[in-house]
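S.K.: dropping a prediction and its sequence here:
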Amino acid sequence: MHILLASSAGPTTTLLDALRRQGHGCDLAEPFLEAPSIAQHSGDYDVLLIEAASPTRDGIGLVREIRRKGVRCPVLVLSPRITPEDELLLLEAGADQVLGGPPLMPLLQARMQAVLRRSLGHASPELRCGNVLLDQARRTVAVDGRTVRITCREFDVLEMLMLRPGAMLTKEHFMTRAYGLEDGPDQRILDVFICKLRRKLAAAGSAEIVRTIWGRGYVLEEPSAAELAAARARLTAAHPRMQRAHLMRQPPQLAIAV
């Protein structure tokens, strides 16, 4: 996830380090009051986080300015002291979520996923393409109910694609969401992630769902019924025991006397 963090605590914030440890590409808005302009001009952010010591002094005006500039990405406000009146004003100003007290990372992660998912038109944390099911809440991937063991980065890549089916995502898109605007590894590492992800999904019986747009990026495409059937047939042929188990579960045929 590509996050812009605006913190009234300044550049020493521990939240920035915590978000990066979770694998997010996170940039710090400096100075704090420039966050609306940075969000407007500096990139395609998934979420804008405002860490405000005082919601009335630091938060409400900033949220209003963000929305006045036409920034549409989800906005979450974190503050150690939130009253119901503060929450109401923040939501009316354009915030999508308001969290009080010290931010608990699992809860913050779930809230960010929820607001991003809904902004992209998904109602459930279960994202499906063909016979592949990605569960954001459990961070699991399955093909026809069979769990696929993938790495955190491979999960992140697949999640980015499944949140935006049919949209061509550039390598820059993937890298900024994984590493932010700071220097990350060479973009060719993404090709490695995609290659391993395809191989693991195919081995579990998935049809091809990730298509390469040569020289540009990748796109998630819904497979046809014929492609799904062919992928399942290949899996069965590669594992004959599955075929025998399937036959054993079939009801016995009745003999017809002639």
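M.R.: Thanks, I have it. Only a predicted model underlies this, so the values are computations on that prediction, with no experimental measurement involved.
S.K.: distance check, residue 152 against residue 173.
M.R.: According to CB to CB, to the nearest Å, residue 152 and residue 173 sit 18 Å apart. (Glycine included, C-beta is placed from N, CA and C.)
S.K.: neighbour count winner among those two?
M.R.: residue 173 (18 against 10; other CB atoms under 10 Å).
S.K.: that one: which element?
M.R.: helix 171-179 (DSSP states H and E).
S.K.: what does that helix contact?
M.R.: 1-2, 23-25, 43-44, 46, 153, 156-157, 160, 184-185, 187, 190, 217-218 (CB atoms under 8 Å, 6 or more residues apart in numbering).
S.K.: do that again at 7 Å, thanks
M.R.: Residues outside helix 171-179 that contact it (CB atoms under 7 Å, 6 or more residues apart in numbering): 1-2, 23, 25, 43, 46, 153, 156-157, 160, 184, 187, 190, 217.
S.K.: hey, where'd the strands end up in the stretch 151-258 of the chain?
M.R.: 169-170, 210-213, 217-220 (DSSP state E, counting those that start in this stretch).
S.K.: wait, which of the ones you listed is closest to residue 8?
M.R.: Shortest distance between residue 8 and the strands of the stretch 151-258 of the chain, using CB to CB, is found for strand 169-170: 33.1 Å.
S.K.: and the closest one, which strands flank it?
M.R.: In the sheet, strand 169-170 lines up against strand 217-220 (antiparallel) (DSSP bridges).
S.K.: mean confidence score for the partner strand?
M.R.: The pLDDT scores in strand 217-220 average 93.
S.K.: hmm, who's touching it?
M.R.: 129, 161-162, 165-171, 173, 194, 209-213.
S.K.: how about it: buried residues?
M.R.: Across strand 217-220, burial judged by 16 or more other CB atoms under 10 Å covers 217-220.
S.K.: I figured residue 28 hits residue 16, correct?
M.R.: Yes - using CB atoms under 7 Å, residue 28 makes contact with residue 16 at a distance of 5.5 Å.
S.K.: got any residues that touch both of the two?
M.R.: residue 5.
S.K.: in the protein, which spans are helices?
M.R.: Under the criterion DSSP state H, the chain contains helices at 14-21, 35-41, 60-68, 84-93, 105-119, 152-163, 171-179, 188-203, 225-238, 240-249.
S.K.: nearest to residue 133, of those helices?
M.R.: Of all these, helix 152-163 sits nearest to residue 133, with 9.5 Å by CB to CB.
S.K.: chain center to that closest one: distance?
M.R.: 6 Å (CA atoms, centre = their mean, to the nearest Å).
S.K.: show me where the stretch 151-258 of the chain dips below the pLDDT cut-off.
M.R.: 180-185, 239-258 (pLDDT under 70).
S.K.: I'd like the helices of the chain as a markdown table, with distance to residue 51 appended.
M.R.: As requested, the helices of the chain are exported to a markdown table (distance: least, CB to CB, whole Å):
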| stretch | distance to residue 51 |
| --- | --- |
| helix 14-21 | 6 |
| helix 35-41 | 11 |
| helix 60-68 | 11 |
| helix 84-93 | 13 |
| helix 105-119 | 11 |
| helix 152-163 | 23 |
| helix 171-179 | 20 |
| helix 188-203 | 30 |
| helix 225-238 | 45 |
| helix 240-249 | 51 |
